[in-house]
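S.K.: No sequence on hand, only this structure:
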């Protein structure tokens, strides 16, 4: 019983009922003007539905009044874009006609069904003469029929509400073009979230690795001067990590924030200095116009370099590191080489190395990570592009 009555407790049931009654108001006014021509309102709706903005208005009404929550302004089943094609205009015309038809049925049934229930109850004890029922001989058995129009009234309120909602989803739903655009937007959002996760992994992972290595070395050294240098390295790395974190969180807070606010290879010096402060003996060689590399390539190159140096500090420790950054013939070459002192990761292990290869592939380049002549080598080649 509770499940049967549950629709009567939903706000959407009554907003849908109200939505059905709205077009009837116009129809009722017309019936006072020309009751002999009830077909005219339906005819007038055709040119109205051809106006592009009408589809937007109907979609907004449907989202607020027909959605299951009764207030879901973001329901993707109802489009709020103006009509862009003649097919959209035709669907809007059909919707307006269907809404008027269903509204008329809702109006008639919700008025006459309660009246019928009252007439049946009255016929149990006195004669009735109404447009719906005529009873000259009262009888108590008429009262047994009262639940029928009550149940029909319930079905009208709930059933027509569900029907008009299903019709709206069919006729006011997104067109194939709108669905494709929504799918592309969703894909872009997922890619952006994946990029943000990588940014956090690279930046915070680098900072934590440097801090852990420096703290461990300072504790083992027992030298106040070394401890002071280690604390300075931890401080500088922490500041840089906080700046990167602020950049990444800025992307989450401000959807329109430009990607140019993220670090590029032009700021690679701070990565090299951070690795040196962690004990690595970094020898860097930069050739070519690095500042002319296209923004997306330069930003991804910065993250690749950051991940590579983080791996050196984490797995190899205080070893010589050779870093080469070269821009020539329309390509960006990035190479990080260090002595192989740790166990070689097995296939599929290490999300950082996989991320390097994925970044390179997405930009149309390629990356190699693995042993080479007794060293560990990260070698990346990317199309450099040019800054606009």
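M.R.: Arrived safely. The structure displayed is predicted, hence computed values, not measured ones. Residues are numbered from 1 along each chain as shown.
S.K.: What confidence value was assigned to residue 322?
M.R.: The per-residue pLDDT reported for residue 322 equals 93.
S.K.: and it, what element?
M.R.: strand 320-328 (DSSP states H and E).
S.K.: residues of the very next helix or strand once past that strand that come out buried?
M.R.: Going down the chain from strand 320-328, the next helix or strand is strand 331-339, by DSSP H and E. Neighbour-count burial for strand 331-339, counted by 16 or more other Cβ atoms under 10 Å, picks out 331, 332, 333, 334, 335, 336, 337, 338. Quick note: C-beta positions are derived from backbone N, CA and C, even for glycine.
S.K.: Repeat that for stretch 159-169.
M.R.: 160, 161, 163, 164, 165, 167, 168, 169.
S.K.: And stretch 95-103, by the same measure?
M.R.: Buried-residue list, stretch 95-103, by 16+ other Cβ under 10 Å: 95, 96, 97, 98, 99, 100, 102, 103.
S.K.: Save the residues you listed as CSV, and put in pLDDT and distance to residue 32 too.
M.R.: Shown next, in CSV, are these (pLDDT from 0 to 100; distance: Cβ to Cβ, whole Å):
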residue, pLDDT, distance to residue 32
95, 90, 26
96, 90, 21
97, 90, 22
98, 91, 24
99, 90, 21
100, 88, 17
102, 91, 22
103, 89, 17
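S.K.: and which of those is nearest residue 291?
M.R.: Nearest to residue 291 out of the buried residues of stretch 95-103 is residue 95 (Cβ to Cβ; 56.2 Å).
S.K.: Now do the same contact list for the closest one.
M.R.: Residues near residue 95 by Cβ atoms under 8 Å, 6 or more residues apart in numbering: 49, 58, 167, 168, 171, 172.
S.K.: From the residues you listed, which land in helices?
M.R.: With helices defined by DSSP state H, the entries of the contacts of residue 95 inside them are 49, 58, 167, 168, 171.
S.K.: just those: which has the poorest pLDDT?
M.R.: residue 49 (86).
S.K.: any chance you could map the helices in this structure?
M.R.: Here the chain has its helices, by DSSP H, at 2-5, 11-33, 40-49, 52-65, 86-122, 147-171, 176-221, 224-253, 268-277, 295-311, 351-362.
S.K.: Spatially, what comes nearest to residue 364 if we skip its sequence neighbours?
M.R.: Closest residue to residue 364 apart from its sequence neighbours, by Cβ to Cβ, 6 or more residues apart in numbering: residue 383 at 5.3 Å.
S.K.: List the contacts of the one you found.
M.R.: 297, 330, 331, 332, 363, 364, 365.
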